[in-house]
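1. Here's my sequence, what's the structure:
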Amino acid sequence: MDIRDQVSTEEPFATALRAAIAARGLGLDRIRQRLLDRGTEISVAALSYWQSGRSKPERRGSIQAVRHLEEVLGLAPGSLTGLLGEPRARGRTRRTVDAPGLEDMWPDRERIEPVLSLVDRDEAMSRITLHIAVEIAADRGVRTVRTRQVLRAERDGADRWVTVHDLTQPGPAPRIEPIRSCELGRVVRVEEEGVVAAELVFDRVLARGETIVVEYASVVDGPPYPRGDDTYCSQFRTPVRDYAVEVQFDPAALPRSVRRYVVKPDGSHPVEHQRMAVSPEGYTHAVALGFGPGMFCVAWEWPD
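-> Below you'll find the model as predicted:
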């Protein structure tokens, strides 16, 4: 079936999609399931937005999903993808131009190379706040990292965020567990390097300017827990308005000292060293406002 000749010049993709869905007689839930059977996850809300013309597929993954959608709807290849046209400029152009690539910010980029295919570069979302809570076990390893962030959509149809976690040492990669406003999508793991990238699919599709609060955790099985290099660092390709990192040590295994520092995007020597006080219960935290691009780190030393 090829319906391109039946499509009006206004919103051709949405018009064609509505016509194909009506001709096929499938509900959006059934279409979503058939896409899922082909290894493609698209929410019902996203499908609804596409057929209404409120948004259209522009991400690489979304365009691939449209190819599968053509199969599900019994269309000739290119019937829908041929109507998408050239992707429009998205997000904030200056931020996109100025932001360094993720691979350029990693000290050892070969370690994360396998997960870069999952990282979307279309700047659909910007991060307003990021709060991190790190739990250090009695054996000095990282037990969990809980993340809470406020994100804002920079274009209509934004529906996911990708997070990358690196234990900085060989060993099993952590599990990513959604907590609030998201579910797990695609995951790429490099077990031998302790690196994982996970796609967090929101519970709703966002319109431009909408915000969402997302929570998830990075969990490592143990004990023993992976010790890494006795630091916790957050990478920022673009500025964040509000960043807070909390570290909770086991009261029975307190560090000798804790300090914070930042590293510039070009990897030059750390600056802004500052000692951090640790309570008798093992708690400490640091806050940065308007930080980025760069890397914000908390490092600790043990008595022995």
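
2. Now do the buried residues in stretch 248-257.
-> 248-249, 254-255 (16 or more other CB atoms under 10 Å). Placement of C-beta: from N, CA and C, glycine included.

3. One more: stretch 184-199?
-> Buried-residue list, stretch 184-199, by 16+ other CB under 10 Å: 185, 188-190, 193-199.

4. just those residues: which has the poorest pLDDT?
-> Least confident of the buried residues of stretch 184-199 in the model: residue 193, at 60.

5. which residues in this protein form strands?
-> Taking DSSP state E to define them, one finds strands in the chain at 125-136, 142-153, 158-166, 175-180, 182-190, 195-206, 211-219, 231-236, 240-249, 257-263, 271-276, 283-291, 294-301.

6. how about the ones you listed in JSON lines, adding distance to residue 39?
-> Output for those, formatted as JSON lines (distance: least, CB to CB, whole Å):
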{"stretch": "strand 125-136", "distance to residue 39": "24"}
{"stretch": "strand 142-153", "distance to residue 39": "26"}
{"stretch": "strand 158-166", "distance to residue 39": "16"}
{"stretch": "strand 175-180", "distance to residue 39": "19"}
{"stretch": "strand 182-190", "distance to residue 39": "9"}
{"stretch": "strand 195-206", "distance to residue 39": "13"}
{"stretch": "strand 211-219", "distance to residue 39": "23"}
{"stretch": "strand 231-236", "distance to residue 39": "29"}
{"stretch": "strand 240-249", "distance to residue 39": "33"}
{"stretch": "strand 257-263", "distance to residue 39": "38"}
{"stretch": "strand 271-276", "distance to residue 39": "45"}
{"stretch": "strand 283-291", "distance to residue 39": "38"}
{"stretch": "strand 294-301", "distance to residue 39": "34"}
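
7. For residue 144, which residues are in contact?
-> For residue 144, the contacting residues are 134-135, 217-220, by CB atoms under 8 Å, 6 or more residues apart in numbering.

8. And the buried residues of stretch 248-257, which is closest to residue 164?
-> Taking CB to CB as the measure, residue 164 sits nearest to residue 248 out of these, at 22.7 Å.

9. Please name the nearest non-neighbouring residue to residue 175.
-> Distances taken as CB to CB, 6 or more residues apart in numbering put residue 219 closest to residue 175, at 4.9 Å, once the chain neighbours are dropped.

10. Which residues does the closest residue in space to residue 184 that isn't next to it in sequence form beta bridges with?
-> Closest residue to residue 184 apart from its sequence neighbours, by CB to CB, 6+ apart: residue 178 at 5.6 Å. Note on residue 178: beta-bridge partners residue 216, judged by DSSP bridges.

11. Also residue 135?
-> Counting by DSSP bridges, residue 135 forms beta bridges with residue 144, residue 248.

12. Just the local confidence number for it, please.
-> Confidence score, pLDDT, at residue 135: 96.

13. ok, residue 179 - how many residues close by?
-> Residues within reach of residue 179, counting by other CB atoms under 10 Å, total 12.
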